[in-house]
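1. mind folding the following:
(one chain, ligands or ions: 1)
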Amino acid sequence: MNTTDYTIRLEKEEDHHAVENLVRESFWNVYRPGCSEHYVIHVLRDDPAFVKELDFVMHLRVHKTDPAEQFVVEQEGRLIGQNMFMKTIIESDDGRTIPVLTMGPIGITPELKRKGFGKILLDYSLEKAAEMGFGAVLFEGNIGFYSHCGFSYARNFGIRYHDLPDGADDSFFLCKELIPGYLDDVTGVYQTPQGYYVKDEDVEAFDKGFPPKEKQKLPGQIFG
Ligand SMILES: CC(C)(COP(=O)(O)OP(=O)(O)OC[C@H]1O[C@@H](n2cnc3c(N)ncnc32)[C@H](O)[C@@H]1OP(=O)(O)O)[C@@H](O)C(=O)NCCC(=O)NCCS
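-> Coordinates of the predicted model:
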């Protein structure tokens, strides 16, 4: 794949519903029967911690030959991916507040998963976050995908997940430094921004604005 196959740009207001639908399609029945992530992004865009400069959408690029002019016209094709970031903090054990980023949801349209688009979008987003001067990104995710983009377990950086009992499995909690050494002298607790916590009844109400879809209990889902 090369850069003539896709475009990545900032999300516009007119993209919102299509992006929410993409996220719904991409997360549906993956982690739970149905999903909440399309509502989460709907809420997070208005959150003061939302980083609008890092709110990306990915489209296929379409090449067409203009019949009159006989040159190749490049157009934005269909929406295939999105990613976004929020500002949050690590409460350092020595009393400092360390600003960091958290990320997601990130989603790729179901029929194009595992073709390399997710990694391209994530690498691009992280590069832009680094250019903005952010020092580190932490979030919950599957190391199987995120290790391809330089993430490792947050515990390796001395960072703990909030409200997790001692000895509990923390292999879902990942970290990548954008500034090498940013967390060198930090140990502490990461806080998930409050905006990610949504109520089931609000998700249900919001979901009614989308085409009906069957919720299924499937193996591998982590929430009931
Ligand atoms: C997770 C997601 C964004 C990854 O994007 P993608 O385009 O499918 O992934 P890529 O093709 O770029 O993957 C690169 C490599 O990461 C690994 N990988 C990708 N998805 C993985 C997964 N779910 N589990 C384990 N490893 C994974 C693979 O090794 C892959 O290489 P391979 O296909 O040659 O084996 C996408 O699959 C998706 O939208 N999933 C549903 C929503 C979701 O789970 N979002 C993330 C929430 S934390």
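2. check which helix or strand covers the closest residue to the ligand within the chain.
-> Per Cβ to the nearest ligand atom, Gly118 is where the chain lies closest to the ligand, at 2.0 Å. Where you see a C-beta, it was placed from the backbone N, CA and C, and this is true even at glycine. Element membership for Gly118 (DSSP states H and E) is helix 117-131.
3. so for that helix, mean pLDDT?
-> Across helix 117-131, the average pLDDT comes to 98.
4. so which bits of it are buried?
-> 117-118, 120-122, 124-126, 128-129 (16 or more other Cβ atoms under 10 Å).
5. gap between the residue of the chain closest to the ligand and Ile108?
-> 5 Å (Cβ to Cβ, to the nearest Å).
6. list residues touching both of the two?
-> Gly81 (Cβ atoms under 8 Å, 6 or more residues apart in numbering).
7. so which of the buried residues of helix 117-131 is the closest to Tyr31?
-> Gly118 (15.8 Å; Cβ to Cβ).
8. give me the next element, helix or strand, following the longest strand anywhere in the chain.
-> Scanning the chain for the longest strand, with DSSP state E as the assignment, gives strand 72-83. Downstream of strand 72-83, the first helix or strand assigned by DSSP H and E is strand 85-92.
9. report the mean per-residue pLDDT for that next one.
-> 98.
10. which pLDDT does the model give the residue nearest the centre of the chain?
-> With distances taken as Cα atoms, centre = their mean, the residue of the chain nearest its centroid is Gly104 (2.3 Å). For Gly104, the model assigns a pLDDT of 96.
11. if we can go back for a sec, my guess is the residue of the chain closest to the ligand contacts Thr109, does it?
-> No. Gly118 is beyond contact range of Thr109, at 10.4 Å (criterion: Cβ atoms under 8 Å).
12. and the pLDDT for the residue of the chain positioned farthest from its centre?
-> The outermost residue of the chain relative to its centre, with distances by Cα atoms, centre = their mean, is Ala68 at 41.8 Å. If you check Ala68, the pLDDT there is 78.
13. in contact with it: list those residues for me.
-> Counted by Cβ under 8 Å, 6+ apart, Ala68 has zero contacts.
14. begin at 182 from here
-> In the new numbering, first residue 182, that becomes Ala249.
15. so it, which state does it fall into?
-> coil (DSSP: H, G, I helix; E, B strand; the rest coil).
16. number of residues surrounding Ile403?
-> Per other Cβ atoms under 10 Å, the neighbour tally for Ile403 reads 9.
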